[in-house]
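S.K.: sharing a sequence plus its predicted fold:
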Amino acid sequence: GALVYQYPRRTICKSGTSMRMECQAVGFQATSVAWYRQSPQKTFELIALSTVNSAIKYEQNFTQEKFPISHPNLSFSSMTVLNAYLEDRGLYLCGARDQGLSYEQYFGPGTRLTVL
Amino acid sequence: GDSVTQTEGLVTLTKGLPVMLNCTYQTTYSPFLFWYVQHLNEAPKLLLKSSTDNKRTEHQGFYATLHKSSSSFHLQKSSVQLSDSALYFCALSHSGYNKLTFGKGTVLLVSP
C-alpha cells in the first residue's frame, strides 16, 4: 500500500534557528507533494505545492526564502523552516500523491515543531 | 477561489445516536470532495471521497453523497461509537489541481 513517512516526528528549536523536516513516499510515485501547516486551533494551511518537473508554487503568506523545499525525486521531499519563531509552531504535514493515478493525497504523520 | 464550509466547533453525542456533519463548498471547477478523520496526535486519514454527483459513498459505517446542485457533501453515520471521537475535515480539490482546500474541522466527541 501507499505510505508516507515524515521525520522527525517532533522537534524543538530555539527562536531564530532553523530546522529541516523530511517526507518519504513508499509504494507509489510522489509526483506531487504538498506541505501543510496545522497551527494550534486552526485548519490546514497549504504552504507550497511541489510537482516534479515544475516550479514549486508557494501560497500567499509563505515564501521560498522562509520555507525552502526540495523535491529531488519521486519518493522524497524536504522542507526547512528558516529563522523559526513562535508563530511557526504547529504540525507540518506532507501530503503526496501520484498525479497519474488518483486525486487522493496520502498524508504522513507530521512533524510537530515547538519553538522556544 | 475555492472554499469549504463545514459544521464548526464541537459536536457531542451519546454512543449509538446518528450524526451528520455538514460540508458545503464553492468552486468553479468540477469538484472532488473528501472527508478526512484525524485522531489525537495522528495524521489525517482519508475516510471518504467522491466526484460523482448523487452517488452515495460509504466506508467504515460512514457515508456521504455529493450533491452538486447544492454544493454539499455531508458526512453521516447511523450509530456513532466511542472510537469515532476525532477531528473531521472536509476537503475539496478539482480536476487538474493538486491542492486540497480544507474546512476548519469539526470535533466529534462521543460519550458512553
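M.R.: Thanks, I have the structure now.
S.K.: so where does the most centrally placed residue in chain A fall, helix or strand?
M.R.: Chain A has residue A:35 as the residue nearest its centroid, 3.2 Å off, counting by C-alpha atoms, centre = their mean. Assigned by DSSP states H and E, residue A:35 falls within strand A:32-38.
S.K.: can you list the strands that that strand pairs with?
M.R.: Note on strand A:32-38: by DSSP bridges, its sheet partners are strand A:44-51 (antiparallel), strand A:90-97 (antiparallel).
S.K.: export the last one to PDB, keeping only CA atoms.
M.R.: Below are the C-alpha coordinates for strand A:90-97, written out as PDB (Å, rounded to 0.1, in the frame of the first residue of the first chain):
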ATOM      1  CA  GLY A  90       2.500  23.600  14.700                       C
ATOM      2  CA  LEU A  91       2.100  20.300  12.900                       C
ATOM      3  CA  TYR A  92       3.700  20.200   9.500                       C
ATOM      4  CA  LEU A  93       2.100  17.700   7.200                       C
ATOM      5  CA  CYS A  94       3.300  16.300   3.900                       C
ATOM      6  CA  GLY A  95       0.700  15.200   1.500                       C
ATOM      7  CA  ALA A  96       1.800  13.200  -1.500                       C
ATOM      8  CA  ARG A  97       0.000  11.800  -4.500                       C
END
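S.K.: which stretches of the chain form strands?
M.R.: Because you didn't say which chain, this covers chain A. A:3-7, A:10-13, A:19-26, A:32-38, A:44-51, A:57-58, A:69-73, A:76-81, A:90-97, A:106-107, A:111-115 (DSSP state E).
S.K.: hmm, no, I was thinking of chain B.
M.R.: Secondary structure of chain B by DSSP E: the strands cover B:3-6, B:9-14, B:19-21, B:23-26, B:31-38, B:45-50, B:56-59, B:62-65, B:75-77, B:86-94, B:97-102, B:106-111.
S.K.: those strands into CSV, with extra columns for mean pLDDT, mean neighbour count and distance to residue A:108?
M.R.: (Glycine included, C-beta is placed from N, CA and C.) Below are these laid out as CSV (pLDDT from 0 to 100; neighbours: other C-beta atoms under 10 Å in any protein chain shown; distance: least, C-beta to C-beta, whole Å):
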stretch, mean pLDDT, mean neighbour count, distance to residue A:108
strand B:3-6, 94, 18, 22
strand B:9-14, 94, 12, 27
strand B:19-21, 97, 18, 25
strand B:23-26, 96, 20, 24
strand B:31-38, 92, 23, 13
strand B:45-50, 91, 18, 11
strand B:56-59, 96, 14, 21
strand B:62-65, 98, 20, 23
strand B:75-77, 98, 19, 23
strand B:86-94, 92, 23, 16
strand B:97-102, 78, 21, 14
strand B:106-111, 95, 16, 22
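S.K.: let me have the strands paired with strand A:32-38 in a markdown table, adding mean pLDDT and distance to residue A:116 as columns.
M.R.: Shown next, in a markdown table, are these (pLDDT from 0 to 100; distance: least, C-beta to C-beta, whole Å):
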| stretch | mean pLDDT | distance to residue A:116 |
| --- | --- | --- |
| strand A:44-51 | 91 | 22 |
| strand A:90-97 | 92 | 14 |
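S.K.: so, low pLDDT: which residues of chain A?
M.R.: Scanning chain A for pLDDT under 70 picks out A:101-103.
S.K.: what residues does it put near chain B?
M.R.: Counting by C-beta under 8 Å from any C-beta of the partner chain, the residues of chain A close to chain B are A:32, A:34, A:42-44, A:46, A:49, A:51, A:93, A:95, A:97, A:99, A:103-110.
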